[in-house]
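> Give the three-dimensional model of this entry:
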Amino acid sequence: MTAADAATSAPEQDELSSATQDPGSSDAGAVPLTEPRDGVPLVISTESGLRRAAQAIAAGHGPAAVDAERASGFRYGQRAFLVQIRREGAGTWLIDPEPFGDLAVLGDALSGVEWILHASTQDLPCLAELGMHPDRLFDTELAARLAGLPRVGLGAVVESLLGLSLAKEHSAADWSKRPLPEPWLRYAALDVEVLVELRAELVALLERDGKLAYAEQEFEAIRTAPPAPPRTDPWRRTSGLHTLRDRRQLAAVRALWHERESLAENRDVAPGRLIPDAALVAAAKAMPTTVPALLKTPGFHGRAAGKEAPRWLRALQEARAAQDLPPLHLPSNAPPPPRTWADKDPDAAARLNTARPRLQRTAEQLDMPVENLLTPDFLRRIAWRPPTPIEPDSIAEALASLGARPWQVEIAAPVLTVAFLDPDPL
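Prediction:
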């Protein structure tokens, strides 16, 4: 029997026994949460261990706290390198996804169970890659925003609502490292330790203010959102690209970006660890033709620059010979920048300038960020080209077609209708 197979879950305790008062802290201070109540779990890395975890989780009760750790900035892509699950009656389980084709057996074990995640949009894509999809969702970060908490990071929310201090020193670690250090595993287990208790506190706040239904609509919108479509020209996200004003230079960044992407995927390393974005832009400006000139380009240093220099020079040569030069800007159906509206369309500018502060006041009355009341892009789009005629039903229909949730439509549509019908003068 392996160590992973021997992992068992200790009985649940009524109190957070791992929270110990720091001798130098006062009664009013947060209590450091330093040890998982059941100890640091062993990492599941075998098929038998995975089946054991699934059986235990399925036999638990209540919602499940779920988290995932990636190796952003270290490995290629955004896949999960550790999955954490905690459920009452089952304890905490840490699963290494790397030995398995998928973790669908865990998804099956959680069928019909509500998942609790913090900032779920960060973790749901990598969990979906593993065959794990929630049937119900509760996002503690989004709940905290809607509840009006001033800080919504996990540590801040835990401290505010539970009076516990949760360290976050390993959040940006290279979670592809094997074996994972014991302090990292303790950190990972603590990330799901109090999510169930945190959910209960947030539900109470939302119910008190009549906002629980708003939150439920938001959670369901996240849960059922389709995967993001592939980006058009993803190389255009290169940092510093805005400094280029020449299409040939854009072609150089495009060629270098694709070469770097191919090499990064092949080596399973984050592209920026090979050659930083700033170096791609610098090379596009300088267009070096020799290895010495390339290696004098800012940012082109290290093994990936020197050993792969012929690769980068070929990409630059490809750009010099390219006939299909990329346009400086992609066509877009988005409105122009609001700073230009007064010149391009004064009526639209008046609508936007009137609606913005009124939505802000409404959001303040609801004690939530205005961007959660209505996505800023939705406001810009409908202010730039409002429906005809402007009336509550047409505004509501337009907001819904953009993707606003029913609660947002109900609150925002009347505000926008009045603002658009009688805008303040510029």
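> Pass me the low-pLDDT residue ranges in the stretch 151-300 of the chain, would you?
Within the stretch 151-300 of the chain, no stretch has pLDDT under 70.
> Let me see the ranges of the strands in it.
Secondary structure of the stretch 151-300 of the chain, counting by DSSP state E, counting those that start in this stretch: strands at 164-165.
> which residues in it form helices?
Here the stretch 151-300 of the chain has its helices, by DSSP state H, counting those that start in this stretch, at 154-162, 182-191, 195-208, 212-224, 247-267, 271-274, 277-286, 291-295.
> Quick one: these as a markdown table, columns for distance to residue 405 and mean neighbour count too.
For the C-beta atoms, the positions are set from N, CA and C on the backbone; glycine is no exception. A markdown table is the format used below for those (distance: least, C-beta to C-beta, whole Å; neighbours: other C-beta atoms under 10 Å):
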| stretch | distance to residue 405 | mean neighbour count |
| --- | --- | --- |
| helix 154-162 | 22 | 20 |
| helix 182-191 | 28 | 20 |
| helix 195-208 | 15 | 17 |
| helix 212-224 | 4 | 17 |
| helix 247-267 | 36 | 19 |
| helix 271-274 | 36 | 18 |
| helix 277-286 | 35 | 22 |
| helix 291-295 | 51 | 15 |
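> Out of the ones you listed, flag the one nearest residue 323.
helix 247-267 (9.6 Å; C-beta to C-beta).
> Convert the C-alpha atoms of the closest one to CSV, please.
Presented in CSV, the C-alpha positions along helix 247-267 are these (Å, rounded to 0.1, in the frame of the first residue of the first chain):
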residue,chain,number,x,y,z
ARG,A,247,3.0,47.2,-39.9
ARG,A,248,6.3,45.5,-40.7
GLN,A,249,7.2,45.7,-37.1
LEU,A,250,3.9,44.2,-36.2
ALA,A,251,4.7,41.3,-38.6
ALA,A,252,8.0,40.9,-36.7
VAL,A,253,6.2,40.6,-33.4
ARG,A,254,3.7,38.2,-34.9
ALA,A,255,6.4,35.9,-36.3
LEU,A,256,8.5,36.0,-33.1
TRP,A,257,5.5,35.4,-30.9
HIS,A,258,4.5,32.3,-32.9
GLU,A,259,8.0,30.9,-32.7
ARG,A,260,8.2,31.5,-29.0
GLU,A,261,4.8,30.0,-28.5
SER,A,262,5.8,26.8,-30.4
LEU,A,263,9.0,26.5,-28.4
ALA,A,264,7.3,27.2,-25.1
GLU,A,265,4.6,24.5,-25.8
ASN,A,266,7.2,22.0,-26.8
ARG,A,267,9.3,22.6,-23.7
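> what about the residue nearest to residue 384 when sequence neighbours are not counted, which SS state?
Leaving out its chain neighbours, the residue that sits closest to residue 384 by C-beta to C-beta, 6 or more residues apart in numbering is residue 335, at 3.8 Å. When classified by DSSP: H, G, I helix; E, B strand; the rest coil, residue 335 comes out as coil.
> For burial, what's the neighbour tally of residue 335?
By other C-beta atoms under 10 Å, 19 other residues sit near residue 335.
> Residue 241: how many residues sit nearby?
18.
> what sits against it?
Neighbour list for residue 241: 250, 253, 281 [criterion: C-beta atoms under 8 Å, 6 or more residues apart in numbering].
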